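Peer 1: Model the structure of this input:
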Amino acid sequence: MDHYVTGAAIRALREKRSMTQAELAAQLCVSDKAVSKWETGRGFPDVSLLEPLSRALRVSVAELLCGQAIVNANRAANMLKSRFSVCPVCGNVVFARGDALFSCCGIQLPALEAEEPDPAHAVSVERVEDEIFVSLDHPMSKTHFLSFAAYMTPDRCEIIALYPEGAAEARFFFRGSGWLYIYCNQHGLFRRRVSV
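Peer 2: The predicted model follows:
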């Protein structure tokens, strides 16, 4: 039960909303004794109540499970602070403009840390009129491939999906200096400065 809602979390979130146990119980169609048992650790809300409970407390289910409201601290909304996460099961790519909690296929996805490209992931960037052409000499087999390329400037991010047995290349409309991100399914996320 390490990742299930705790009584302390329910109580703190309820009190933050200035609700009594009886008021919360009425919204969930349960007894106030049930809410009391949850808050004192003598019982747990049924899994079918997690969504209605999170709505009543005005938090997401993820916030309910971690026990605190998640506040957007990325007030500047600088795109260069963005994070990528990739599901190791289905390959789903999640992009967020700051720190966030995501899960996919039942797995909590960590934010990827981008590294400078190594020789096996050397990125060629060429300016062609109003575009940049990005290419890599990288395998694109079904077991080892690049799954996306992204070009990020301070005000936008463009992501291009790449596929096994396709070309390890992408074209982006040039929008000034920024960062180029490449994701290899076996070696992780790489980034390179773009200032052509």
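Peer 1: Which parts of the chain belong to which domain?
Peer 2: 7-66, 79-194 (automatic domain parsing).
Peer 1: can you tell me how far the residue in the chain sticking out farthest from the centre sits from Leu49?
Peer 2: Residue farthest from the centre of the chain, counting by C-alpha atoms, centre = their mean, is Lys33 at 37.0 Å. For Lys33, the distance to Leu49 (C-beta to C-beta, to the nearest Å) stands at 15 Å. The C-beta positions use only the backbone N, C-alpha and C, and glycine is treated the same way.
Peer 1: again, but for Ala26
Peer 2: Taking C-beta to C-beta, one finds Ala26 at 13 Å from Leu49.
Peer 1: pLDDT score for Arg127?
Peer 2: Looking at Arg127, its pLDDT is 90.
Peer 1: meant to ask about Leu57, not that
Peer 2: Reported pLDDT for Leu57: 87.
Peer 1: Could you pull up the contacting residues of the nearest residue to Phe84 once chain neighbours are set aside?
Peer 2: Among residues not flanking Phe84 along the chain, Leu112 sits closest, at 5.0 Å (C-beta to C-beta, 6 or more residues apart in numbering). Taking C-beta atoms under 8 Å, 6 or more residues apart in numbering, we find Leu112 in contact with 83-86, 183, 188-189.
Peer 1: again with Gly41
Peer 2: Each residue near Gly41 by C-beta under 8 Å, 6+ apart is listed here: 6-7.
Peer 1: cutoff 10 Å now
Peer 2: Contact analysis of Gly41 by C-beta atoms under 10 Å, 6 or more residues apart in numbering lists 6-8.
Peer 1: mind showing which ranges of this protein have poor pLDDT?
Peer 2: The model of the chain has pLDDT under 70 over residues 1-3, 67-80, 196.
Peer 1: And the longest helix belonging to the chain, what does it pack against?
Peer 2: Secondary structure of the chain per DSSP state H: the longest helix is helix 7-16. Judged by 3 or more C-beta pairs under 10 Å, 6 or more residues apart in numbering; DSSP states H and E, helix 7-16 is in contact with helix 21-28, helix 32-39, helix 50-57, helix 61-66.
Peer 1: now those in CSV, with distance to Ala100?
Peer 2: Output for the helices and strands packed on helix 7-16, formatted as CSV (distance: least, C-beta to C-beta, whole Å):
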stretch, distance to Ala100
helix 21-28, 27
helix 32-39, 27
helix 50-57, 17
helix 61-66, 9
